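Colleague: requesting a structural model of the entry that follows:
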Amino acid sequence: MPATQTINVFDGLEICVEPVEEPDPVYFTSNEPEFEVHLRNNDAKYEFSEDSAFRWTIETNPMQVVHTGEVEFGPLDHGEETTVTVGGRVLAYEGHGVFGISTAGASGKSGSDRWELTAGRERSADPAYSFSVWDESDYNASIRRPKRLQLAMFGTSVVLIVFALIQILLAMGFIG
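Modeller: Residues are numbered from 1 along each chain as shown. You can find the predicted model right below:
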């Protein structure tokens, strides 16, 4: 089941991530999901200039970076928000996937309220959204087929119980 959390930097710049299309029920290695990154300046220390940027990463299994990119945004004044769409690349590896956001710092001219947010390193990304990635044939063999087999066994059991009840009722003379 996917999980999400809001990343909060500079005491008020809120960053949250959600998929453009929810996984059904998981992502497969051949999927190319896109994610919407929502940025909101909720009275952060600074207002951010048009050259501000953050780094996003998609990792699977302990710290294996699958994709990374840097996105510029801005300007983003107090109370404003913006959304950017990233991703759209094949996931490729099975495992637990994490979409992370990395920011390094903000710099600007002294006395200015508008600063430039700089992108951080991919290894320092904060997890914003997590999800499962399966190879589709493994998912079919491990999840879908056993569920179908359980349903078939349940259905067979119901038929046998009904047949046994009919036999008992026939033997007792209630039917026939």
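
Colleague: quick one: strands adjacent to the helix or strand encompassing residue 36?
Modeller: Under the criterion of DSSP states H and E, residue 36 resides in strand 34-41. In the sheet, strand 34-41 lines up against strand 13-19 (antiparallel), strand 81-87 (antiparallel) (DSSP bridges).

Colleague: after it, which helix or strand is next?
Modeller: Assigned by DSSP H and E, the successor of strand 34-41 is strand 47-48.

Colleague: and the helix or strand following that next one, what does it pack onto?
Modeller: Proceeding N to C from strand 47-48, the next assigned helix or strand is strand 52-60, under DSSP H and E. Secondary-structure packing of strand 52-60 (3 or more C-beta pairs under 8 Å, 6 or more residues apart in numbering; DSSP states H and E): strand 34-41, strand 64-73, strand 95-107, strand 114-119. All C-beta atoms are positioned from the backbone trio N, CA, C, and that covers glycine.

Colleague: mind checking which of the ones you listed is nearest residue 166?
Modeller: If you check each of those against residue 166 by C-beta to C-beta, strand 95-107 wins as the nearest, at 50.3 Å.

Colleague: got the angle for the closest one vs strand 13-19?
Modeller: 150 degrees (axes from the mean of the first three to the mean of the last three C-alpha atoms, to 10 degrees).

Colleague: quick one: strand 95-107 to chain centroid distance?
Modeller: Put simply, strand 95-107 sits 13 Å off its chain's centre (C-alpha atoms, centre = their mean, to the nearest Å).

Colleague: before we move on, back to that, turn the helices and strands packed on strand 52-60 into a markdown table, including mean neighbour count and mean pLDDT.
Modeller: As requested, those are arranged in a markdown table below (neighbours: other C-beta atoms under 10 Å; pLDDT from 0 to 100):
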| stretch | mean neighbour count | mean pLDDT |
| --- | --- | --- |
| strand 34-41 | 18 | 97 |
| strand 64-73 | 15 | 91 |
| strand 95-107 | 19 | 92 |
| strand 114-119 | 19 | 90 |
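
Colleague: closest to residue 7 out of the ones you listed?
Modeller: Closest among the helices and strands packed on strand 52-60, using C-beta to C-beta: strand 95-107, at 5.0 Å.
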